[in-house]
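S.K.: Next comes the sequence, and after it the predicted model I'd like to discuss.
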Amino acid sequence: MKIADVKISTVLAAVLTALLMALFAGCGAASDGGGGQTGTDPDSGLAWIAESDLPPEGTETLDLIDAGGPFPYPGKDGTTFGNREGILPEEPSGYYEEYTVPTPGSEDRGARRIVAGEGGEFYYTEDHYESFSRIDRE
């Protein structure tokens, strides 16, 4: 083997290594570059929504859940969500709790909710349980 062949193979190996490292660094199919999830949650089959993409009232509701309250609708917030629509993963009765996400200008609780599962998962609906997204707590 000639010296020129060794230099070329060394350069090619370095280039190939750099390309592979760049490829693997960008392979986070579940990442949006900001650390958040994109695509579909494999556990629920629902689209991900980043916590930062929730309305401000949604992040405030998550903060209240983390703090254990107080909630704006006592007797409603923290009550069992029955999942009668069957959109969320099937779990035993009492597994899910629902919380109001206030809607500015609404005369009642509005349609927005966060549903929390006992396993630490959170879901958001803005249309009163017709659809849900899985919240990525970033």
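M.R.: Done, it's in. Numbering: from 1, shown residues only.

S.K.: Which positions within stretch 75-95 qualify as buried?
M.R.: Within stretch 75-95, the residues scored as buried using 16 or more other C-beta atoms under 10 Å are 77-78, 81, 83, 87-89, 95. Just so you know, the C-beta spots here come from the backbone N, C-alpha and C atoms, and that holds for glycine as well.

S.K.: Quick check: the two most widely separated of these?
M.R.: Maximum pairwise distance among the buried residues of stretch 75-95 (C-beta to C-beta): 21.9 Å, between Asp77 and Pro89.

S.K.: which stretches of the chain form strands?
M.R.: Using DSSP state E, the strands of the chain run over residues 48-50, 79-81, 96-100, 113-117, 122-125, 133-136.

S.K.: who does the last one touch, helix- and strand-wise?
M.R.: Going back to what we said before, that points to strand 133-136. Under the contact criterion of 3 or more C-beta pairs under 8 Å, 6 or more residues apart in numbering; DSSP states H and E, strand 133-136 touches strand 48-50, strand 122-125.

S.K.: most packed of the ones you listed?
M.R.: Of all the helices and strands packed on strand 133-136, strand 122-125 has the most neighbours on average by mean count of other C-beta atoms under 10 Å, namely a mean of 23.

S.K.: Neighbouring strands - and their directions - for that one?
M.R.: With DSSP bridges as the test, strand 122-125 is paired with strand 113-117 (antiparallel), strand 133-136 (antiparallel).

S.K.: Okay, the closest residue to Ser131 other than its chain neighbours and Gly68: tell me how far apart.
M.R.: Leaving out its chain neighbours, the residue that sits closest to Ser131 by C-beta to C-beta, 6 or more residues apart in numbering is Thr125, at 6.3 Å. Per C-beta to C-beta, to the nearest Å, Thr125 is found 22 Å from Gly68.

S.K.: Quick check: pLDDT value at the closest residue to Gly82 other than its chain neighbours.
M.R.: Leaving out its chain neighbours, the residue that sits closest to Gly82 by C-beta to C-beta, 6+ apart is Ser93, at 7.2 Å. At Ser93, the pLDDT value in this model is 96.

S.K.: Check the spacing between Ser93 and Glu107 real quick.
M.R.: 31 Å.

S.K.: Also Glu60?
M.R.: Taking C-beta to C-beta, one finds Glu60 at 20 Å from Glu107.
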